[in-house]
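**Q** quick one, what's the 3D model for this:
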Amino acid sequence: MPLPIFIFHELLFRIQLFDPTVGSYISHSYTKTGAVIVTSTRTIRIRNGILNKQFKDPNLIPETVLRKLIA
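**A** Next comes the predicted model:
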């Protein structure tokens, strides 16, 4: 099921707190296991579990997980 676009923007905003060079949102697409966010500087792959947590309760995503997305 497609998620509202604000979920991707919010997640990207949270990631940018740790790495401002992540760039700005350009687009996203879905894969079998989650989604891919394309920014102005890179591509970030995100599993469905993280997307669902961001949608339901972002506080359930620990800082370490956010940092691993951009490692």
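**Q** what ranges does the protein have for its helices?
**A** Using DSSP state H, the helices of the chain run over residues 5-16, 48-56, 63-69.
**Q** export the ones you listed to a markdown table and append columns for mean neighbour count, distance to Tyr25 and mean pLDDT.
**A** In short, each C-beta sits where N, CA and C put it, glycine included. As requested, these are exported to a markdown table (neighbours: other C-beta atoms under 10 Å; distance: least, C-beta to C-beta, whole Å; pLDDT from 0 to 100):
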| stretch | mean neighbour count | distance to Tyr25 | mean pLDDT |
| --- | --- | --- | --- |
| helix 5-16 | 16 | 5 | 96 |
| helix 48-56 | 16 | 14 | 96 |
| helix 63-69 | 13 | 14 | 95 |
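**Q** any idea how far Ile70 is from the spatially most central residue of the chain?
**A** A centroid search over the chain (C-alpha atoms, centre = their mean) returns Leu11, at 4.3 Å, as the residue closest to the centre. Leu11 sits at a distance of 11 Å from Ile70 (criterion: C-beta to C-beta, to the nearest Å).
**Q** and if you look at Leu17?
**A** 11 Å.
**Q** the two: who's more crowded?
**A** Using other C-beta atoms under 10 Å as the criterion, Leu17 and Ile70 rank with Ile70 on top: 13 against 10.
**Q** contacts only, for that one.
**A** Applying C-beta atoms under 8 Å, 6 or more residues apart in numbering, we find Ile70 in contact with 15, 18-19, 22, 42, 44.
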